[in-house]
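# When you get a sec, could you give me coordinates for this:
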Amino acid sequence: MTAALRGEFDQAATLAARLPDDAALLLPVSAGWERAPGRGTLQFAAARSALAERLLKLSLSETERRTARVRRASALLDRGEPTAAANDLLIVLAAGHDAEVAELAAEAVARSRSPQLAAASLEAWRKAEAAEPDGSANWLAARARRIAGLHAAGRTDDAARLLSVTKLLHPGVPAASPETRRRFAALARTLGEPTGIAHGLPHADARRPGPSRR
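Numbering: from 1, shown residues only. Have a look, this model is predicted:
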C-alpha cells in the first residue's frame, strides 16, 4: 500500500503479485489502492483490475464480493472499458440499490454508447426510483438516468413522455442537485422539451425563447 500511496505503481503491483491468494491479505491492499493518488491512471487501473480479479476468485462474504466487483468496475472504467464496467455494476445494483454505485453505473452505461446496455440498465433505474422518496434528490437523479436510458435505448417518445410527466409533477425539480438539474436541462434540449429546469424555473415559465421580432 505504501508504494501505491507514493505513486510507485509498478512496485505496488509487483509486491501485490507476491502475496498469496488470501482475502485477509489482499482486501486491505485493495482498499488502500482505492485511496492512492493517481489511482485513475491507465497504468495503475490495470493493476487494480487484476487485484480485484484475484479477489473475486476467492471465498468472500457477499459484502466483500460486492466491494471487489465495484472496484473492478471502477478500474475497468479507468482503463477505457465502460461496457465491461457497466455489466459489473448492473449486477451489483440488481442485488440492491446503492446511490453511489448507481452514479458510477450511469457513467459507464453512457460511455459505452450501447443501446442494448442502456435498455438493460432501465430496471436498475426503476429500482433506484422505488428505493427513494418520490421527488427527493436521489429519486430525481434516478429518474433523470431512466429518461436518458430510454433515449439511449432508442425509445425517444417514451423518454419525452416521462420527462413531461416528471416536470408536470415536480415543476422546476426543486429538490434536485445542481448536477441533476443540468441533466434534466440537457435532456429537455435533446428531447425538444421546454427548458428552464437548470435554473429551477416553474413549469409554466420553462419555455424556449421564441424567435426575436424585429
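# Chain neighbours aside, what residue packs nearest to residue 123?
In space, and not counting its chain neighbours, residue 123 is closest to residue 94: 7.6 Å by C-beta to C-beta, 6 or more residues apart in numbering. The way it works is simple: take the backbone N, C-alpha and C, and place the C-beta from them, glycine included.
# What is the neighbour count of that neighbour?
Neighbour count of residue 94, defined by other C-beta atoms under 10 Å: 11.
# Please apply the same query to the one 5 residues further on.
As a burial measure, the neighbour count of residue 99 was computed by other C-beta under 10 Å and equals 13.
# Confirm for me that it is in contact with residue 140.
No: when contacts are counted by C-beta atoms under 8 Å, residue 99 is not listed as touching residue 140 (11.7 Å).
# Using the three-state scheme, assign residue 71.
helix (DSSP: H, G, I helix; E, B strand; the rest coil).
# What ranges in the protein fall below the confidence cut-off?
Applying pLDDT under 70 to the chain flags residues 1-9, 39-40, 193-214.
# Kindly state the domain boundaries assigned to it.
1-80, 114-209 (automatic domain parsing).
# which one of the ones you listed is the most hemmed in?
domain 114-209 (a mean of 18; mean count of other C-beta atoms under 10 Å).
# centroid residue for this protein?
The structure's the chain has its C-alpha centroid closest to residue 104; by C-alpha atoms, centre = their mean the separation is 2.3 Å.
# Quick check: which element contains that one?
helix 99-112 (DSSP states H and E).
# what does that helix contact?
With contact meaning C-beta atoms under 8 Å, 6 or more residues apart in numbering, helix 99-112 is reached by 70, 73-74, 77, 82-83, 85-86, 89-90, 92-93, 117-118, 121, 124-125, 128, 138, 141-142, 145, 148-149, 152.
# Next: stretch 117-131.
83, 86-87, 90, 93-94, 97, 99, 102, 105-106, 109, 138-139, 141-143, 145-146, 148-150, 152-153.
# repeat for stretch 153-163
With contact meaning C-beta under 8 Å, 6+ apart, stretch 153-163 is reached by 115-116, 118-119, 122, 143, 146-148, 150-151, 184, 187-188, 191-193.
# switch the cut-off to 7 Å
The contact list for stretch 153-163 (C-beta atoms under 7 Å, 6 or more residues apart in numbering) reads 115, 118, 119, 122, 146, 147, 150, 151, 187, 188, 191, 193.
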